[in-house]
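> Let's see this in three dimensions:
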Amino acid sequence: MLDGWQRRGLGERLLSELIGVARNRGLRAMSGDVLASNAAMLRLALKLGFNVSASSEEWSMRHLSLALRPTPPITGGKACERVIQSGA
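Below is the predicted model:
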């Protein structure tokens, strides 16, 4: 993220959206690597539920992983269908 756009919540919004898309597409996990010195990204990852561990490939990296649970289906029966159909 460019310096002028940092600390505005864009990273959190983008990563949250990616998590939602991955979950909705049926993915079971997300993972990636981050520089160990990138404290802001590591804090964000922890805030969003990622596990952070040492990278097996490079001492200056941290490995991030997140198990994705399926989004529960919306239920509500006929009452829910009426609300949707009425546009309420």
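> gap between the two ends of stretch 46-59?
Using Cα to Cα, to the nearest Å, the end-to-end distance of stretch 46-59 comes to 19 Å.
> And that stretch, what's buried?
Within stretch 46-59, the residues that qualify as buried are 48, 50, counting by 16 or more other Cβ atoms under 10 Å. Where you see a C-beta, it was placed from the backbone N, CA and C, and this is true even at glycine.
> any residues touching it, and which ones?
12, 15-16, 19, 30, 33, 36, 42, 45, 61-66 (Cβ atoms under 8 Å, 6 or more residues apart in numbering).
> By pLDDT, give me the weakest of these.
Among the contacts of stretch 46-59, residue 12 carries the lowest pLDDT, at 91.
> Now it. Nearest residue, chain neighbours left out?
Leaving aside its chain neighbours, residue 12 sits nearest to residue 44 (5.8 Å; criterion: Cβ to Cβ, 6 or more residues apart in numbering).
> Show me what counts as buried in the longest helix seen in the chain.
Counting residues, the longest helix found in the chain (DSSP state H) is helix 10-24. Within helix 10-24, the residues scored as buried using 16+ other Cβ under 10 Å are 11, 15, 19, 23.
> before we move on, the earlier item: so what's the residue nearest to residue 12 up against?
Taking Cβ under 8 Å, 6+ apart, one finds 11, 12, 15 in contact with residue 44.
> Can I get those residues in CSV including distance to residue 52?
What follows is the contacts of residue 44, written out as CSV (distance: Cβ to Cβ, whole Å):
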residue, distance to residue 52
11, 16
12, 16
15, 14
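> Could you single out the nearest of the residues you listed to residue 70?
Taking Cβ to Cβ as the measure, residue 70 sits nearest to residue 15 out of these, at 19.0 Å.
> State the distance from that closest one to residue 59.
Distance of residue 15 to residue 59, computed by Cβ to Cβ, to the nearest Å: 25 Å.
> remind me which residues of this structure are low pLDDT?
Filtered on pLDDT under 70, the chain yields the residue ranges 1-8, 71-88.
> where exactly do the helices run in it?
Remark: helices assigned in the chain by DSSP H are 10-24, 39-47, 77-86.
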